[in-house]
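Undergrad: no sequence on this one, just coordinates:
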């Protein structure tokens, strides 16, 4: 079972309970949540999210990673693939949230490409989707650069499916 992936500049590793302070900093940053329709989560809610994300790895062998800068060894984001049901069918939801200090360096793209490549190699059989709000232009541009195409008809959300 996968425990970590390395890219040119990143270490992508399973989340652990001791990652809570870094996860709270990333998930609790209002700037990083600008396009989050539910806003910035409380520390208690973030702790619950972390427990769920850790359980995903144990139950499904897939989940979100802590994204660590390989040079500085600092957590710069959270992202990866999580099993979900979308429109009544199994799917893998692509998620990425990074510290604002990591923006503009292509790190989200590097993480997302590694996640999609991993899903392709593992043959999970479920499509990879990105579901985002219509005003989240950075997320939309990243999905398009990765080869995702718009799908779905919801007027408030954009769904991207990998072709």
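TA: Everything's here; your move. Quick caveat: nothing in here was measured; it's all calculated off a predicted structure. Numbers count the residues shown, from 1 in each chain.
Undergrad: I'd like to know how far residue 10 sits from residue 25.
TA: 18 Å (C-beta to C-beta, to the nearest Å). C-beta: built from backbone N, CA, C; applies to glycine.
Undergrad: which one's the longest helix in the chain?
TA: In the chain, assigned by DSSP state H, the helix with the most residues is helix 43-60.
Undergrad: quick one: strands adjacent to the next helix or strand after that helix?
TA: Going down the chain from helix 43-60, the next helix or strand is strand 64-69, by DSSP states H and E. Sheet pairing here is set by DSSP bridges, and for strand 64-69 it gives strand 10-14 (antiparallel), strand 75-86 (antiparallel).
Undergrad: coming back round to it: what's in contact with the longest helix of the chain?
TA: Here helix 43-60 makes contact (C-beta atoms under 8 Å, 6 or more residues apart in numbering) with 14-17, 19-20, 23-24, 27-28, 41, 62-64, 82-83.
Undergrad: rewinding a little: neighbour count: residue 10 and residue 25, which is higher?
TA: Comparing residue 10 with residue 25 by other C-beta atoms under 10 Å, the one with more neighbours is residue 10, at 21 against 13.
Undergrad: now the strands for this structure?
TA: 4-6, 10-14, 64-69, 75-86, 89-98, 128-133, 148-151, 157-162 (DSSP state E).
Undergrad: quick one, the fourth one and strand 89-98 angle?
TA: So that's strand 75-86. Relative orientation of strand 75-86 versus strand 89-98 (axes from the mean of the first three to the mean of the last three C-alpha atoms, to 10 degrees): 160 degrees.
Undergrad: in strand 75-86, what counts as buried?
TA: Residues of strand 75-86 classed as buried: 75-83, 86 (neighbour count, 16 or more other C-beta atoms under 10 Å).
Undergrad: of all those, which comes closest to residue 144?
TA: residue 79 (17.0 Å; C-beta to C-beta).
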